[in-house]
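*Asks:* coordinates only, sequence not included:
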């Protein structure tokens, strides 16, 4: 596997430099009617798996510092139960509903960076929300979520490296 870039300043700069190429790739994939969503997802997973395995998220935790974390009622209950705090307390102290509803979501953590981040580690890791458990998610529906994925390229070493590798081969899919 070629060298992976994990320096956040370099990733931010390179993601901006490659933004137009990422968008061209997105348009190309959206209009390739001859490629099924399942096929594209499988190819993206082949590219992503070794990168995900090679990059240690605890060396970065930039997502926990930069992104909104949306929650479901199940996430809130799991967190409350896991840290032995009443659900009402979790909701009033840590979850914002009004702004989340404007985005079509149930709730989101109020604080950014995440209140539960300690250094680069999640202090509620086993009880974390589903969005945290699956981030960064490339599939299912890579082709149709690529615009959002491109937005994350400047924040996440995994996303940037996957998109950079995909740039090298997307026309050969």
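*Replies:* On my side now, so go ahead. Just so you know, these numbers come straight off a predicted model, no measurement behind them.

*Asks:* number of residues surrounding residue 68?
*Replies:* 15 (other CB atoms under 10 Å). Quick note: C-beta positions are derived from backbone N, CA and C, even for glycine.

*Asks:* and if you look at the one 5 residues further on?
*Replies:* Taking other CB under 10 Å as the neighbour definition, residue 73 ends up with a count of 12.

*Asks:* report the contact partners of it.
*Replies:* With contact set as CB atoms under 8 Å, 6 or more residues apart in numbering, residue 73 has these partners: residue 106.

*Asks:* also the one 10 residues further on?
*Replies:* If a contact means CB under 8 Å, 6+ apart, then residue 83 has 124, 127 as its contacts.

*Asks:* please report phi then psi for it.
*Replies:* phi -110, psi 10 (degrees, to the nearest 10).

*Asks:* what about it, distance to residue 165?
*Replies:* Separation of residue 83 from residue 165 (CB to CB, to the nearest Å): 38 Å.

*Asks:* would it be right to say that residue 89 lies in a strand?
*Replies:* No. Judged by DSSP: H, G, I helix; E, B strand; the rest coil, residue 89 forms no part of a strand; its state is helix.

*Asks:* which element is the residue nearest to it when sequence neighbours are not counted on?
*Replies:* Residue nearest to residue 89 in three dimensions, not counting chain neighbours: residue 80, with 7.5 Å by CB to CB, 6 or more residues apart in numbering. If you go by DSSP states H and E, residue 80 is part of helix 73-83.

*Asks:* let me see the mean pLDDT of that helix.
*Replies:* For helix 73-83, mean pLDDT rounds to 98.

*Asks:* same question for stretch 33-50.
*Replies:* Here the average pLDDT along stretch 33-50 is 97.

*Asks:* buried residues in that stretch?
*Replies:* Neighbour-count burial for stretch 33-50 flags 40, 41, 43, 44, 47, 48 (criterion: 16 or more other CB atoms under 10 Å).

*Asks:* swap in stretch 75-84?
*Replies:* Within stretch 75-84, the residues that count as buried by 16+ other CB under 10 Å are 75, 76, 78, 79, 80.

*Asks:* quick one: residues contacting the third one.
*Replies:* Neighbour list for residue 78: 127, 129 [criterion: CB under 8 Å, 6+ apart].

*Asks:* show me the shaky parts of the chain.
*Replies:* Residues of the chain meeting the criterion pLDDT under 70: 1.

*Asks:* so where do the helices sit in it?
*Replies:* Per DSSP state H, the chain carries helices over the ranges 8-30, 37-54, 62-66, 73-83, 87-94, 98-102, 130-134, 142-152, 157-169.

*Asks:* what's stretch 46-64 in contact with?
*Replies:* Outside stretch 46-64, the residues that touch it by CB under 8 Å, 6+ apart are 1, 4, 6, 8, 113-114, 117, 119-122, 132, 135-136, 138, 152, 155-158, 161-162, 165-166, 169.

*Asks:* understood, closing this out.
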